[in-house]
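Novice: coords please:
(one chain, ligands or ions: 2)
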Amino acid sequence: MAKRGMLIVLSGPSGVGKGTVRKALFNEPDVDFKYSISMTTRSPREGEVNGKDYFFVSKEEFEDHIKNGEMLEYAKYVDNYYGTPLNYVNKTLDEGHDVFLEIEVNGAMQVRANCPEAVFVFLTPPDLVVLKNRLIGRGTDDMDVIDKRIKTAVSEIKMMRNYDYAVLNDKVENAVDRIKTIVNSERLKVNRVMPDYLSMLGEED
Ligand SMILES: Nc1ncnc2c1ncn2[C@@H]1O[C@H](COP(=O)(O)OP(=O)(O)OP(=O)(O)O)[C@@H](O)[C@H]1O
Ligand SMILES: Nc1nc2c(ncn2[C@@H]2O[C@H](COP(=O)(O)O)[C@@H](O)[C@H]2O)c(=O)[nH]1
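Specialist: Numbering: from 1, shown residues only. Ligands and ions are numbered 1, 2, ... in the order given. The predicted structure is shown next:
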């Protein structure tokens, strides 16, 4: 059986650059993570594709998935549900691949409770003015939604204490390098490599 993959959770306030950093990270030649596509009840933005950016579903469908125990985690964020389908994550980790989640803090804390071996990274903006300007510059949300997201950001940043690592997203390439350093050192942790050594000795963990 393949060694189970690593689960990497990236959170941070809306607009900090999680998606941008994740895409740059996935373009690195030495990075091979599988991205878990989330499910949401929010409407697709221009250019977003169902099954690529998100699985876009109705509120009723989302609630059915919750009822059926099909979500690893889920949360309500600014009037919509967002969540991680459980099956893809389990199957992909079992196949030995590393899985990358890009999710908000309440969902991340549910993952922390259920998968304590996952690695939790919080992406931070240089400051709140930069954060707001990034949201405005992205041009995807009305000003009232941006204000709600900034308000939420303040409480999200306070949740950073529950993460393993804080990564500043000043420049995308710096944030990518920081995340790669974290993941490479996580791979060397004794509890991750111990099963390999035990199997070398012909013993089970
Ligand atoms: N390091 C950076 N420097 C300048 N601009 C950035 C940086 N990182 C991201 N941006 C820009 O900030 C905006 C928000 O980025 P992005 O959509 O990746 O954020 P996000 O955290 O994924 O947001 P959400 O949680 O709402 O999906 C985009 O316009 C992106 O180009
Ligand atoms: N708890 C979860 N949060 C998620 C998931 N997928 C995305 N998100 C987060 O929601 C907000 C808003 O996203 P947006 O696409 O509307 O800007 C942002 O913080 C995302 O990271 C998920 O599966 N679970």
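
Novice: and the closest residue to ligand 2 within the chain, what does it touch?
Specialist: Distances between the chain and ligand 2 by C-beta to the nearest ligand atom are smallest at G107, namely 2.3 Å. C-beta coordinates here come from the backbone N, C-alpha and C atoms, glycine included. Residues near G107 by C-beta atoms under 8 Å, 6 or more residues apart in numbering: 73-75, 82-84.

Novice: same deal with V78?
Specialist: So V78 contacts 14, 145, 148-149, 152 (C-beta under 8 Å, 6+ apart).

Novice: any idea how far L188 is from it?
Specialist: Computed as C-beta to C-beta, to the nearest Å, the V78 to L188 distance reads 38 Å.

Novice: same thing with G202?
Specialist: 23 Å.

Novice: for the chain, just list every one of the helices.
Specialist: 18-26, 59-67, 86-94, 105-114, 128-138, 143-158, 172-187, 190-200 (DSSP state H).

Novice: out of the contacts of G107, flag the one nearest to G5.
Specialist: When the contacts of G107 are ranked by distance to G5 (C-beta to C-beta), T84 comes first, at 14.9 Å.

Novice: isn't the closest one up against M71?
Specialist: Yes - the criterion here is C-beta atoms under 8 Å, and T84 meets it with M71 at 6.4 Å.
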